[in-house]
Structures are given as C-alpha cells and as structure tokens.
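Participant: structure here, sequence nowhere to be found:
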C-alpha cells in the first residue's frame with residue numbers, strides 16, 4: 001500500500017467515525033452501552049431463564065463474547081466495504097485494500113473503548129483479580145488478525161457474488177452457537193458428538209485466549225497461541241493475496 005493510500009486510510013477512517021455518531025445522542029458511548037446491554041441480556045436469558053449451571057456466568061460470558069462481537073462487527077462491515085466504496089474507486093486511484101482496512105480500524109478503535117469500559121464493570125462482578133489479566137492486550141491480536149483476514153475474503157466474494165451476505169450471516173450464527181462462548185467446553189460428556197465438535201472447533205482456542213485469564217485465572221496454553229496465530233496468519237495472507245489478485249476486475253462488478 002502506497003503513502004497516499006495509507007494517508008487516505010487514516011483520514012477516511014476518522015471521517016467514518018464522526019459520521020457514524022454525528023446524529024446520535026450518546027455518540028461514542030454506544031460502544032459501552034451496546035455491549036453492556038447485550039451482555040446483560042444474554043446473562044439474564046442463560047443464567048436466570050435457562051438456568052445455566054455456571055458459577056459467575058456473567059464473568060464467563062464476558063470472556064469470549066466481547067471479542068466475538070468485535071470479530072462479528074469487522075466481518076459484517078468489511079463484507080460490503082469494497083462495494084460501498086465503489087464511488088471512490090471509480091473517481092480516484094486508491095487501493096481496494098483500504099476499504100476493508102477502514103472497517104477493521106474503526107471496529108478496532110470501538111473495541112478498545114468498549115472493552116476497557118465494560119472491563120471496569122467486572123470490578124463489581126468478579127470475586128478475585130489475578131495477574132493473568134495482563135495477557136489480555138495480546139489475546140486480542142489473533143482475533144484482530146482473523147477478523148481482518150476473513151473480512152478481506154468476504155469483501156472480495158461479495159464484490160462478485162452479492163448473495164454471499166446472507167451466507168456469511170448464517171455461517172457466523174452457526175459458528176457462534178457451536179463454539180464454547182455461551183457454555184463451557186466441558187458442558188458435554190467426553191464421548192459425545194458435541195464434545196468432539198468442541199474439541200476440534202477452531203473458535204474454542206480463540207475463546208480460551210480470553211476465558212482462561214478472565215474466568216479460570218490461568219494462562220492460555222502454547223497450543224492456544226499456536227493454533228490461533230497460525231490460522232489467523234494464514235487467513236490474512238489468503239485475504240491480502242485475494243484482494244491483490246482480483247483488484248483489476250473489481251471495476252467491472254461495481
């Protein structure tokens with residue numbers, strides 16, 4: 001990416017943030033209110049209504065739900081980013097890579113704010129704080145890489161096939177409900193199909209990066225880091241290569 005594209009990336013990302021909250025009363029505070037309400041709603045449903053037998057369920061749910069919401073926002077926004085930026089691509093030279101990166105950058109800034117503020121709520125919910133929480137700034141790195149890589153892939157696919165959007169939403173929904181974000185990995189007995197699926201579910205390792213320091217007061221294992229960083233790096237490389245390979249054809253589909 002050249003210097004002009006990098007400068008455009010930063011300036012356009014700032015303008016998108018201003019436009020997003022320009023006509024709202026709460027403004028940037030929605031990044032705290034929205035995840036807090038979402039967390040509270042799911043905590044009420046699964047701990048009170050469905051009686052999920054998990055101690056400190058709100059703390060457990062917070063562990064992977066907040067990074068998942070970040071991942072979901074990046075992928076959903078990046079999917080339509082190149083198409084929505086077609087008016088600029090047709091008027092000036094700018095790398096198509098900029099538009100998914102803008103959605104990723106905006107979502108990352110919003111995540112940093114929402115995670116910091118919502119984390120303060122756990123001061124009143126979590127019984128004991130441990131040194132393991134200091135790993136959390138590094139735990140978001142595999143999530144950020146994965147969201148960027150998948151966002152790039154979805155942006156390219158959506159440019160050529162507009163019916164990709166509902167497929168992406170369904171895959172995201174299936175991934176969410178089939179991964180140990182709402183329930184513990186040992187919720188099912190070891191010999192069942194559900195336990196086998198969770199054991200080999202990639203999102204299990206991503207969830208562990210947050211659940212272990214926050215809920216279990218332990219460090220993520222080397223296996224957690226190895227699998228998540230390996231998958232994320234591979235997805236980012238595939239996404240960047242796909243954008244670079246197809247950028248000459250985008251103009252015929254926009």
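Facilitator: Done, it's in. All values reported here derive from a predicted model rather than from experimental measurement.

Participant: any idea how many residues pack against residue 63?
Facilitator: 24 (other C-beta atoms under 10 Å). Every C-beta, even on glycine, is put in place using the N, C-alpha and C of the backbone.

Participant: sorry, slip of the keys, the one I care about is residue 175.
Facilitator: Neighbour number of residue 175 under other C-beta under 10 Å is 16.

Participant: just residue 178 next, same as before
Facilitator: 14.

Participant: residues contacting it?
Facilitator: Each residue near residue 178 by C-beta atoms under 8 Å, 6 or more residues apart in numbering is listed here: 197-198, 201, 203.

Participant: mind doing that once more with 10 Å?
Facilitator: By C-beta atoms under 10 Å, 6 or more residues apart in numbering, residue 178 lies in contact with 194, 197-198, 201, 203-204.

Participant: reformat those as CSV; add pLDDT and neighbour count.
Facilitator: Output for the contacts of residue 178, formatted as CSV (pLDDT from 0 to 100; neighbours: other C-beta atoms under 10 Å):
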residue, pLDDT, neighbour count
194, 72, 12
197, 76, 13
198, 77, 21
201, 85, 16
203, 91, 19
204, 90, 21
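
Participant: okay, the closest residue to residue 229 other than its chain neighbours: pLDDT?
Facilitator: Using C-beta to C-beta, 6 or more residues apart in numbering and skipping residues adjacent in sequence, the residue nearest residue 229 is residue 142, 5.4 Å away. Looking at residue 142, its pLDDT reads 96.

Participant: before we move on, what about residue 49?
Facilitator: At residue 49, the pLDDT value in this model is 45.

Participant: just residue 217 next, same as before
Facilitator: 85.

Participant: next, count neighbours for it.
Facilitator: 14.

Participant: one step back: figure out how far the helix or strand the residue nearest to residue 229 falls within is from the centre of its chain.
Facilitator: Assigned by DSSP states H and E, residue 142 belongs to helix 136-160. Distance of helix 136-160 from its chain centroid, counting by C-alpha atoms, centre = their mean, to the nearest Å, is 8 Å.

Participant: now residue 245: how far from residue 176?
Facilitator: 30 Å (C-beta to C-beta, to the nearest Å).

Participant: quickly note the distance from the spatially closest residue to residue 150 that is not a sequence neighbour to residue 237.
Facilitator: Of all residues not flanking residue 150 in the chain, residue 75 sits nearest, at 5.3 Å (C-beta to C-beta, 6+ apart). Distance, residue 75 to residue 237, using C-beta to C-beta: 17 Å.

Participant: more neighbours, those two?
Facilitator: residue 75 (27 against 12).

Participant: check contacts around the more buried one.
Facilitator: 100, 103-104, 107, 146-155, 168-169, 171-172.

Participant: at 8 Å what do you get?
Facilitator: Contacts of residue 75 by C-beta under 8 Å, 6+ apart are 147, 150-151, 154, 168, 172.

Participant: work out for me the element the residue nearest to residue 150 sits within.
Facilitator: Going by DSSP H and E, residue 75 is in helix 57-79.

Participant: returning to that earlier point: which ones among the contacts of residue 178 are found in helices?
Facilitator: 194, 197-198, 203-204 (DSSP state H).

Participant: need the contact partners of stretch 164-171.
Facilitator: Taking C-beta under 8 Å, 6+ apart as the rule, stretch 164-171 contacts 75-76, 79-80, 154, 157-158.

Participant: how far does that stretch sit from the chain's center?
Facilitator: 15 Å.

Participant: ok, and the closest non-adjacent residue to the residue positioned nearest the centre of the chain?
Facilitator: Geometric centre of the chain, nearest residue: residue 71, 0.9 Å, by C-alpha atoms, centre = their mean. Using C-beta to C-beta, 6+ apart and skipping residues adjacent in sequence, the residue nearest residue 71 is residue 147, 4.5 Å away.

Participant: sounds good, over and out.
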